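# Compute the structure for the input listed below.
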Amino acid sequence: MGSAVAEHETDSVYSVTELAVDLGITARAIRYYESKGLLSPRRAGKIRVYSHRERGRLQIILRGKRLGFSLADIGEYLDLYDADATQHEQLVLLLDRISTRLTDLEQQKGDLATLLAELRDIRSQTLAALELCEHRNAVGQN
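All right, here's what the predicted structure looks like:
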């Protein structure tokens, strides 16, 4: 039973619309990734036919984008997937990209904390100045 399911999954094909609905994206996005060389669907006449493999590649693309990786990084990762059966190079590349991304995000987190503190300080100063202005206006009207 397990092999029949696995066999069925690898034989599954999707139209661009089916794949888009299944993954919650637009058909236009799928065509865009195809135009960038990240997907290579087969053709059945004029219709694109996406295999289980293409669906998996698209899931990797979407996850990579969600994590903030560039299409170039994602493409390099996908290329290694096809070229390296042991996946060693792919894993080394992924670890390097993740480490770089974590470093970048930690830097952004620090920058954001500094920005938030500065904005809070400006807000406090502005509120104090506004209270003083309102107090002067109230005293001036009496």
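# tell me the domain boundaries of the protein?
For the chain, whose domains are defined here by automatic domain parsing, the residue ranges read 1-83, 88-142.
# would you turn those into TSV with mean pLDDT?
TSV is the format used below for these (pLDDT from 0 to 100):
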stretch	mean pLDDT
domain 1-83	86
domain 88-142	94
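# most packed of these?
Per-stretch averages of neighbours, counted by mean count of other Cβ atoms under 10 Å, single out domain 1-83 among the domains of the chain, with a mean of 14. Yep, even glycine has a C-beta here, placed from its N, CA and C like the rest.
# Tell me the gap between that one and the middle of its chain.
15 Å (Cα atoms, centre = their mean, to the nearest Å).
# With stretch 110-122 instead?
Centroid separation between stretch 110-122 and its chain, computed with Cα atoms, centre = their mean, is 26 Å.
# cool, and stretch 129-136?
Remark: stretch 129-136 is offset 47 Å from the chain centroid, using Cα atoms, centre = their mean.
# do stretch 126-133 as well
The mean C-alpha position of stretch 126-133 is separated from the chain mean by 43 Å, Cα atoms, centre = their mean.
# all strands in the chain, in order from the N-terminus.
Taking DSSP state E as the criterion, the chain carries its strands at 13-14, 42-44, 47-51.
# Distance to residue 134 added to those strands, as JSON lines?
Supplementary listing: the strands of the chain in JSON lines, determined by distance: least, Cβ to Cβ, whole Å:
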{"stretch": "strand 13-14", "distance to residue 134": "63"}
{"stretch": "strand 42-44", "distance to residue 134": "71"}
{"stretch": "strand 47-51", "distance to residue 134": "64"}
